[in-house]
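S.K.: Mind folding the following:
(chains A and B)
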Amino acid sequence: GAVVSQHPSWVICKSGTSVKIECRSLDFQATTMFWYRQFPKQSLMLMATSNEGSKATYEQGVEKDKFLINHASLTLSTLTVTSAHPEDSSFYICSARSNWGLAGSSGANVLTFGAGSRLTVL
Amino acid sequence: DAKTTQPTSMDCAEGRAANLPCNHSTISGNEYVYWYRQIHSQGPQYIIHGLKNNETNEMASLIITEDRKSSTLILPHATLRDTAVYYCIVRVENNNDMRFGAGTRLTVKP
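M.R.: Numbers count the residues shown, from 1 in each chain, chains lettered A, B, ... in the order given. You can find the predicted model right below:
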């Protein structure tokens, strides 16, 4: 099945520094990847859509200069949290669309998610 | 996109069937019903999806009412490892992204 790998799985940084999170599709090509953020006891919130070879599309209220997204290849998207502050501490999750599905389903439009990256800004 | 409504939480006894309901009364004709789940501190996991026919796979069954205004995800023999938040999402198939509501927190008890 399709696998999406995220790295690092957790990171602690000082306020004011920048942190890069990688998202890789391991056995399929993904022209589009998605970045989500999840605060404790809340649901996932879509931050942006990452498009290979073009600029990312950000959701309303998400600062594009704060959360830099680069999708330079069909298997890699990166999210950089610039000048991180404690309020940026969150669980960041990426996903990619694959045509993989479990037996009995058409498999179309299934999003495969990474395991997430927990960011703590001190 | 159609909005979904799910109960906040549910309990289920281990070994019994877990039936998770979802209301989507404003669903459009070309929108599919998707189910994902998220085990604590992990990324969401795809479970199943369907348009109007009932679907079954190794993980679960999806029952969609004839008017498509509601559906039920069935885990036939729940285990402790099925404890998770279950999300019902309605989306047009060729739309890439998934937008998550609050979901149902299912707790499977021994």
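
S.K.: for A:Gln38, what are its contacts?
M.R.: For A:Gln38, the contact set (C-beta atoms under 8 Å, 6 or more residues apart in numbering or on different chains) comprises A:Leu44, A:Met45, A:Ser90, A:Phe91, A:Tyr92, A:Ile93, A:Gly116. All C-beta atoms are positioned from the backbone trio N, CA, C, and that covers glycine.

S.K.: right, and the second one touches A:Gln60 too?
M.R.: No: A:Met45 sits out of contact with A:Gln60 when judged by C-beta atoms under 8 Å, with a separation of 11.0 Å.

S.K.: okay, those two: which has more neighbours?
M.R.: Of the pair A:Met45 and A:Gln60, A:Met45 is the one with more neighbours under other C-beta atoms under 10 Å in any protein chain shown, namely 17 against 4.

S.K.: Beta-bridge partners for that one, please?
M.R.: A:Arg37 (DSSP bridges).

S.K.: Now do the helix or strand where A:Ile12 lies: which elements does it pack against?
M.R.: Under the criterion of DSSP states H and E, A:Ile12 resides in strand A:10-13. Counting contacts by 3 or more C-beta pairs under 8 Å, 6 or more residues apart in numbering or on different chains; DSSP states H and E, strand A:10-13 packs against strand A:19-25, strand A:117-121.

S.K.: Would you mind giving those strands as a markdown table with mean pLDDT and distance to chain B added?
M.R.: Formatted as a markdown table, these follow (pLDDT from 0 to 100; distance: least, C-beta to the nearest C-beta, whole Å):
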| stretch | mean pLDDT | distance to chain B |
| --- | --- | --- |
| strand A:19-25 | 96 | 10 |
| strand A:117-121 | 97 | 8 |
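
S.K.: looking at chain A, which helix or strand is least sure?
M.R.: The helix or strand of chain A with the poorest confidence is strand A:110-113; it has a mean of 89 (mean pLDDT, DSSP states H and E).

S.K.: Which residue ranges of chain B form helices?
M.R.: For chain B, applying DSSP state H gives no helices.

S.K.: and it, which residues reach chain A?
M.R.: Proximity of chain B to chain A is confined to B:32, B:36, B:38, B:41-46, B:48-50, B:55-59, B:85, B:87, B:91, B:93-103 under the rule C-beta under 8 Å from any C-beta of the partner chain.

S.K.: ok, which stretches of chain B are strands?
M.R.: B:9-13, B:18-23, B:31-38, B:45-50, B:55-56, B:61-64, B:70-75, B:84-92, B:104-109 (DSSP state E).

S.K.: Which among these is found nearest to A:Phe28?
M.R.: strand B:45-50 (13.9 Å; C-beta to C-beta).
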